[in-house]
Each structure stands twice: as structure tokens, then as C-alpha cells.
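*Asks:* below are the sequence and a predicted model for it; my questions follow.
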Amino acid sequence: MTLRKLLMSTLISAGLATSAMAQDKPEKVTVGYLNLVNAQLVTKSLGLVQKYMPGIEIEYIKVGGGGDMLRAIAAEQVDFGGLGNPPTAIGVTRGLPIKGIMVLNMLDYVEAMVVRTDANIKSFKDLEGKTLAAPFGSTTHYLLLQALADEGIDPASMKILDLRPNDIAVAWSRGDIDAAWYWEPNLDKAVSDGGNIFMTSGIMASRGYPTWDVGVVMNEFAENYPDLVEAFVKAECEGIDYWIANPAETAQIIADELELPLADATRMMGGTGMVPCDEQLTAGYIGATGDIGQFADTLVATSEFLVAQDRLPKQLTRADYEEFLVPSFLETVVAE
């Protein structure tokens, strides 16, 4: 081979290698985020995912609730998303190709049941004959059914509507519903319009029914771009750290993102629990590789309830949920 041919061959090989390396990253990454007061709003506002994924277009899609997120996942419209434990149990049972990679938030009074003051609802028994709303497949829908079951009340004794949070706000303003279990920022609209808080997700957690949102990634994306999964986790961990260290600045971000008065954003922050990423690897949360934590137990208990309510066709085991939860990306980020 002549020197010229050798040089040409080398240049062509180098070009192919460069092209292959360029294809190792997708042109765009799509993040589905819940319209909820949590640190994902901080991550989004500060451009942290973009920071850790330079050269990639980052698209954010606002999703109304867990049911909508499951549909987006099933349609392969997102690479990353967030799910509460009931939609997680539903998605894993139905075989959606996702893995849980981190804790986005723990839910307290950011989610609650509001009842119309003039409806004279003083107990769960008073809900019989009334019209309620909740986004089906969400954490609040699950807690509503669980609360009724604990009180021995048949859900068929009332009318329960499947409405998104924005639609609940509209239905409430028209006087179409007597109660609703959903979340901020729309929750406050009902409270300000003749409603009062009857039950919160935090109280239900103290009764043994914790609810949370977990970050998920599509299996194929994780297999093809594990470094980008770590980048996503790193970005979200930085957002959580910022939330914890900078409450005033965070409140302003939330106010801007959700178009709220600053005082409302500050109050709503108190209803959402942020878990530092190193703490997420402990037994009370996701746990570690080979030693998955209590989130798996919560998913088992959640799915048991949903099966009993004929909302899931079969009961998965703890091992199934252990397979869903993958702490390895978070472990790498925390160790850095």
C-alpha cells in the first residue's frame, strides 16, 4: 500500500470512528415532568439536565398525572419520567419497559382532599351520595380508595370522577363536585373557593400508606446511554440539593414556573419532602444494589390493594419490584 493510500485509509477510519462516536448520543432527550411542586422544577429552571448533557437538545413535557405519564411511557414519548407508587405498580405489572432510578419527592400536604364547606362533610361516611374527583391511577386516587376501604365504605356509594387537576379546578369552580383529592398548585384554588382540607397524603403516610414519586427511565434508553442516565440523576440530585440549601430562591423558581404568588409557592414547598441523594440509598427508600429498600415493600402493598380493588390483574412479588428499582446509577453519582 502506498503512503498516500495508507493516509487516506487512516483518515477514512478516523472519520467513521468520529461518526460512530457522534451517534453514541441522541439528538434529543425528552423529560416528562409532573405538574407538581418538587425539585424537578428547579432542575428545569436552572437548566441542569442541559448542563450535564451538553450538545443534546433537552425537551420538557408537562404531564398532568400518573395516568397520563403511563400513557406517555407506553407511547414511547419520553425518555425520563416521574411516577407515584400506584402508577408505578400499574406500569410494572403491565410490563412497561421502565426502571426506577431515584426518589423525586415524598408527598405530604402538597396532595390533599379538599371538601366543599357547605357540603357539611365531617367524616368519610358523609361522602356517601356525594360527587368526588381524583385523577385515576394517581397517588391521590389510590389514597382515596384506601381511605374508603379502611372506613368500610363502598366507593359505589358515591360518584367518583376521573379528572385531571386542571379539570378538577374547573369542575370545582362550577360547583359540579363536592370533594376532590389532588395536588398543588390547583388544590389551593379549591381551598380559596369555598373549600377546606379534609385529609392529606401526609396523614395517610402516618397511617401506613406513604406515597412518593420516583424517577424512571425507559429500558432501551438506559441500555444505550447509561452515561446519560447518570447525567440525568446528577442533574436531579443537584436540583434537590439546591432546594434544600436555597429555600428562598427555590420558592421564587416555583412561583415563576407555576405562575404563583411567592407566598403560595413558599407554603406549598413545605408539603413536599426532598430526600438527599445519598440518603435515598438507605433502607428507608430505594436502598442499595443487592439490598433494595422499603420502596419495594410499598410497591407490594400498593399492588395488593389495587389487585383487591380489581384495578390490577395480578399480584407481583417483591422480587419483581426489586428488579424494577435500579440504584446503580444513583450509587455512581453519589460516589463521585
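*Replies:* Thanks, I have the structure now. Numbering: from 1, shown residues only.
*Asks:* where does pLDDT dip in this structure?
*Replies:* Scanning the chain for pLDDT under 70 picks out 1-23.
*Asks:* my guess is residue 103 meets residue 211, correct?
*Replies:* No. In this structure residue 103 lies outside contact range of residue 211 using CB atoms under 8 Å: 11.9 Å. All C-beta spots, glycine's among them, are computed from the backbone N, C-alpha and C.
*Asks:* contacts only, for residue 327.
*Replies:* Shown in contact with residue 327 (CB atoms under 8 Å, 6 or more residues apart in numbering): 101, 280, 281, 286, 287, 288, 289, 292.
*Asks:* that one and residue 238, how far apart?
*Replies:* Between residue 327 and residue 238 the computed distance is 18 Å (CB to CB, to the nearest Å).
*Asks:* same check on residue 189?
*Replies:* 31 Å.
*Asks:* again with residue 303
*Replies:* Distance from residue 303 to residue 238, by CB to CB: 32 Å.
*Asks:* what comes into contact with the helix or strand encompassing residue 86?
*Replies:* Using DSSP states H and E, the element containing residue 86 is helix 85-93. For helix 85-93, the external contacting residues (CB under 8 Å, 6+ apart) are 66-67, 69-70, 73, 83, 98, 100, 137-139, 141-142, 210-212, 214, 216, 295, 298-299, 302-303, 306, 311-314, 316, 320-321, 324.
*Asks:* one more: stretch 65-79?
*Replies:* Residues outside stretch 65-79 that contact it (CB under 8 Å, 6+ apart) are 26, 29-32, 34, 61, 63, 81-84, 86-87, 90-91, 96, 98, 135-139, 162, 164-165, 216-218, 221.
*Asks:* could you do stretch 307-315 as well?
*Replies:* Applying CB under 8 Å, 6+ apart, the external contacts of stretch 307-315 come out as 89, 90, 93, 145, 149, 303, 304, 306.
*Asks:* using a markdown table, lay out these together with distance to residue 117 and neighbour count.
*Replies:* As requested, the contacts of stretch 307-315 are arranged in a markdown table below (distance: CB to CB, whole Å; neighbours: other CB atoms under 10 Å):
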| residue | distance to residue 117 | neighbour count |
| --- | --- | --- |
| 89 | 34 | 30 |
| 90 | 34 | 22 |
| 93 | 39 | 20 |
| 145 | 24 | 21 |
| 149 | 26 | 14 |
| 303 | 36 | 25 |
| 304 | 35 | 14 |
| 306 | 32 | 21 |
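*Asks:* out of those residues, which is nearest to residue 268?
*Replies:* Using CB to CB, residue 145 is the member of the contacts of stretch 307-315 that lies nearest residue 268, at 24.8 Å.
*Asks:* hmm, that closest one is touching residue 305, no?
*Replies:* Yes. Taking contacts as CB under 8 Å, residue 145 lies within contact range of residue 305: 7.3 Å.
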